[in-house]
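**Student:** Give me the fold of what follows.
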Amino acid sequence: MKAAELELFRKHAETCCIFCNERRLMIMWALEEGERSVGEIAMELDLSSQAISQHLRLMKDRGVVVSTRRGRKIYYRMANPKFLEAHRMIRSAIQKNVK
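**Tutor:** Next comes the predicted model:
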């Protein structure tokens, strides 16, 4: 196997690890409609802003979300809509298997 392929597998596994946490999955779905602030996400998910910020920092470090600062607030959005598409397919498969 070529080094480039191995690197792609490594990055794939690393990215998938980000989604191995139910709170980060909840954050991803909260960003489905577009850009949101930490406070908006925290209110919707009934979690602390500090917890949301920590998860978003991990997600940003892995390239899953991107941020934009406007004044004192930072707004986050999914870096690529394909992450949501992939998880929609996974959720659909899970729902079909749950009886």
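
**Student:** quick one: the strands in this protein?
**Tutor:** 36-37, 65-70, 73-78 (DSSP state E).

**Student:** what helices or strands is the shortest one leaning on?
**Tutor:** Same thing as strand 36-37. Secondary-structure packing of strand 36-37 (3 or more C-beta pairs under 8 Å, 6 or more residues apart in numbering; DSSP states H and E): strand 73-78. C-beta: built from backbone N, CA, C; applies to glycine.

**Student:** Taking the centroid of this structure, which residue is nearest it?
**Tutor:** Taking C-alpha atoms, centre = their mean, the centroid of the chain lies closest to M28, which sits 4.0 Å from it.

**Student:** what about it, distance to D61?
**Tutor:** Distance from M28 to D61, counting by C-beta to C-beta, to the nearest Å: 15 Å.

**Student:** Flag the shaky bits of the chain, pLDDT-wise.
**Tutor:** Residues of the chain meeting the criterion pLDDT under 70: 99.

**Student:** M59 is in contact with N21, correct?
**Tutor:** No. Judged on C-beta atoms under 8 Å, N21 makes no contact with M59 at a distance of 9.7 Å.
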